[in-house]
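Engineer: pasting the structure only:
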Ligand code: ADE
Ligand code: ZN
């Protein structure tokens, strides 16, 4: 029998929770800083990596927003996306739904178009040259107010035919989903799909709000939903996809040890969980590493792995016609 790592790499899969700014490797950070004539507050790549010791989400966000400051041109965003797509193609990904944080860039003075055009051209090149398809998700920063989200949605107007969904990220505690009720209604009126980070650090009440107030199509993370049995029943009954990020949870101290991660329990409870990398350059592993580490820590079976692979496509925003061949490829792979 092939090793779990080989089995996982070959298994057709999708990534549904990836912040493209979180794929910025320290080497690339220095390269972009050099070509944009930006001085970094770090002496070396090693010094950057040494700074990646986080006690919680906010610790990480502070350094993540600082890192994103080296991204200045369309070419930077294109190159960032292509570097990520090359890695994830090697991990057996066939489809990716990636987040970007436009406010992180417009607040530094970049036009909305710089990040959007650079990422979209990278996505087109990845489809052409690597066979990895993708969709773009515009995230609102929840530590900012809802008016700022409306400014961003207006700036995105010329791009809405190429943006699949809106999301909600950044500092969760103190910024409940209900703060963004109006912008989510506006995004829904424009035909966009809806996702939101909820239950990463925030309480089950935030997951309820994401469902009932924002009316999301997917929950990003959702770990703390397991504290509320009624919420678990609701998520299972609706077949709601959870985009779970095990190595992120470990690095941000959402779990103390990967053996204590709730992913296996989620599957046993009938929840539609998926495995994702979140911010792989910061959390110690891309998509396949998340699968391999989690499978090892939790003793996931081949059947669990096949379920996770199916969930990654059925939870995507691809059409049923687009999903069907991916599911068939999984069945063929598992049978072989
Ligand atoms: N932005 C990037 N990664 C994030 C995460 N894990 N949670 C919230 N916001 C984020
Ligand atoms: Zn995230």
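Structural biologist: Arrived safely, thanks for sending. Not measured: the values here are computed from a predicted model. Ligands and ions are numbered 1, 2, ... in the order given.
Engineer: separation between the closest residue in space to residue 28 that isn't next to it in sequence and residue 180?
Structural biologist: Counting by Cβ to Cβ, 6 or more residues apart in numbering, residue 28 lies nearest to residue 83, which is 6.5 Å off, once chain neighbours are set aside. Any C-beta I mention is one placed from the backbone N, CA and C, and that applies to glycine too. As judged by Cβ to Cβ, to the nearest Å, residue 83 and residue 180 stand 31 Å apart.
Engineer: what about the two, which has more around it?
Structural biologist: Taking neighbours as other Cβ atoms under 10 Å, residue 83 and residue 180 compare with residue 180 leading, 24 against 18.
Engineer: wait, that one sits on residue 147?
Structural biologist: No - in this structure residue 180 lies outside contact range of residue 147 using Cβ atoms under 8 Å: 11.0 Å.
Engineer: Strands of this protein, start to end?
Structural biologist: With strands called from DSSP state E, the chain shows them at 13-19, 93-100, 133-141, 165-169, 193-198, 218-221, 241-244, 272-275.
Engineer: nearest to residue 204, of those?
Structural biologist: When the strands of the chain are compared by Cβ to Cβ, strand 193-198 sits nearest residue 204, at 9.0 Å.
Engineer: ok, and does the closest one reach over to ligand 1?
Structural biologist: Yes - Strand 193-198 comes into contact with ligand 1 (Cβ under 6 Å from any ligand atom), by way of residue 197.
Engineer: Report all helices and strands that that strand contacts.
Structural biologist: With contacts taken as 3 or more Cβ pairs under 8 Å, 6 or more residues apart in numbering; DSSP states H and E, strand 193-198 sits against strand 165-169, helix 181-189, helix 204-209, strand 218-221.
Engineer: neighbouring strands for the shortest one, and are they parallel or not?
Structural biologist: In this case it means strand 218-221. Sheet pairing of strand 218-221 (DSSP bridges) gives strand 193-198 (parallel), strand 241-244 (parallel).
Engineer: For residue 47, find the nearest of the ones you listed.
Structural biologist: Nearest of these (Cβ to Cβ): strand 193-198, 29.2 Å.
Engineer: and that closest one, how far from the chain's centre?
Structural biologist: Relative to its chain's centre, strand 193-198 lies at 11 Å (Cα atoms, centre = their mean, to the nearest Å).
Engineer: which residues sit against it?
Structural biologist: Under the criterion Cβ atoms under 8 Å, 6 or more residues apart in numbering, residues 137, 142, 164-169, 172, 177, 180, 184, 187-188, 206-207, 209-210, 214-222, 243, 317 lie in contact with strand 193-198.
Engineer: Okay then, goodbye and thanks.
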